[in-house]
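Participant: model this:
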Amino acid sequence: MRIAVAIPCYKVTQHVMGVIAAIGPEVDVIYAVDDACPNQSGKYIEEHNTDARVRVLYNPENRGVGGAIVTAYKAAIADGMDIVVKIDGDGQMNPALLPQFVRPLLRRQADYTKGNRFYRPESVENMPSVRLFGNAVLSFLTKLSCGYWNVMDPTNGYTAVRTQVLKELPLDKLERRYFFETDMLFRLNTVRAVVKDVPMDSVYADEESNLKIGKILPEFLRKHASRLWRRYVYNYLVRDFNVGTVYSIGGVLMLLVGSVFGLCHWIESANSNRPATSGTVMFAALPILVGIQCLIAFLHFDVGNVPSEPLSQNLDDDPLP
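Facilitator: Next comes the predicted model:
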């Protein structure tokens with residue numbers, strides 16, 4: 001199995017050479033992607049690099065972390081790599097953990113692995129409380145919109161993926177900036193790829209984050225809602241029509257019937273100054289209660305519908321015995 005490392009390089013000249021030096025001999029190729037860096041990270045690496053495995057790639061314009069990684073993914077596919085591991089160039093991801101990310105892929109236990117800084121309580125002791133809360137909220141939204149209820153820490157960028165699986169994804173349609181990791185999970189779910197978390201410790205320096213919560217929150221909510229709707233249509237209406245479909249449609253219809261019936265009679269009661277009868281209240285409440293139970297049943301079905309058979313097993317290029 002040929003293993004490659006992808007390093008997005010944007011204002012990382014202070015740390016990137018140390019990251020490259022720490023990458024072990026199990027890696028065949030290291031793609032350093034200069035994402036139109038104003039500090040000319042690519043030239044800096046070429047001038048100071050002594051590792052023959054390093055190949056510097058240049059994006060003509062800044063495409064964000066997603067655009068940089070897609071450039072490396074395409075190069076890895078073209079070069080016949082089997083696994084691509086993404087490590088940031090800012091020194092906050094320990095290259096020594098790389099075998100732990102690759103092992104489930106080599107054993108065909110997963111198609112995609114990602115870091116999880118929440119696995120051990122000790123790992124989050126130094127994490128700022130705001131980031132801790134924000135990641136917890138983002139994790140739940142991602143579980144809901146992407147369907148991977150078994151993973152945590154969706155914005156973690158330490159990942160590994162089989163190139164066989166990458167060939168099944170529309171790489172040019174992936175989000176290019178802050179939503180890249182979440183969109184990657186959504187795309188993986190559409191092809192039923194297996195995703196596993198790898199425990200890792202969080203590392204935070206004194207750097208100032210470029211992520212402005214107030215600015216990107218409406219965009220994140222809109223994109224999560226879009227992925228949730230698209231995943232539902234594809235998995236429960238187009239690809240399959242199952243008991244989860246019945247639960248969800250029935251639940252929504254019951255909620256609408258109960259709510260509309262109750263609202264109409266409430267308005268009528270308010271205009272006539274006559275209280276609604278107990279029967280009217282029951283006719284309004286019962287569909288709402290049943291609808292809520294149906295939606296809970298759908299949610300339970302969706303949690304149990306997480307992909308469990310690695311896609312790479314069916315995409316194996318080796319001939320059958």
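
Participant: so Asn189: helix, strand or coil?
Facilitator: Here Asn189 is helix, with the state taken from DSSP: H, G, I helix; E, B strand; the rest coil.

Participant: got the contact list for the nearest residue to it once chain neighbours are set aside?
Facilitator: With C-beta to C-beta, 6 or more residues apart in numbering as the criterion, Asn189 has its nearest non-adjacent residue at 4.6 Å, and that residue is Gly147. Where you see a C-beta, it was placed from the backbone N, CA and C, and this is true even at glycine. For Gly147, the contact set (C-beta atoms under 8 Å, 6 or more residues apart in numbering) comprises Asn189, Arg231, Asn235, Asp302, Asn305, Val306.

Participant: neighbour count and distance to Leu217 for these - can I get that in TSV?
Facilitator: Converted to TSV, those look like this (neighbours: other C-beta atoms under 10 Å; distance: C-beta to C-beta, whole Å):
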residue	neighbour count	distance to Leu217
Asn189	21	23
Arg231	18	21
Asn235	19	27
Asp302	20	25
Asn305	17	29
Val306	16	27
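
Participant: could you pull out the helices for the protein?
Facilitator: 16-21, 41-48, 64-78, 98-106, 129-146, 163-166, 180-190, 213-233, 243-272, 278-303, 311-314 (DSSP state H).

Participant: Asn116 is nearest to which of those helices?
Facilitator: Of all the helices of the chain, it is helix 129-146 that lies closest to Asn116, at 9.5 Å by C-beta to C-beta.

Participant: I'd say Arg192 and Leu311 touch.
Facilitator: Yes: using C-beta atoms under 8 Å, Arg192 is in contact with Leu311, at 6.1 Å.

Participant: any idea how far Met17 is from Val85?
Facilitator: 18 Å (C-beta to C-beta, to the nearest Å).

Participant: sorry, wrong one. I was asking about Asn273.
Facilitator: For Asn273, the distance to Val85 - C-beta to C-beta - is 70 Å.

Participant: re earlier: so Met17 and Val85 - more neighbours on which side?
Facilitator: Val85 (26 against 20; other C-beta atoms under 10 Å).

Participant: quick check: which ranges of the protein have low pLDDT?
Facilitator: Filtered on pLDDT under 70, the chain yields the residue ranges 202-216, 316-321.

Participant: redo that, cut-off 80
Facilitator: For the chain, the stretches flagged by pLDDT under 80 are 121-132, 134-135, 202-217, 276, 312-321.

Participant: residues touching the closest residue in space to Gly67 that isn't next to it in sequence, list them.
Facilitator: Leaving aside its sequence neighbours, Gly67 sits nearest to Arg176 (C-beta to C-beta, 6+ apart; 4.2 Å). Counting by C-beta under 8 Å, 6+ apart, Arg176 touches Arg63, Gly64, Val65, Gly66, Gly67, Val70.

Participant: near Met1, how many other residues are there?
Facilitator: Neighbour tally, Met1, other C-beta under 10 Å: 11.
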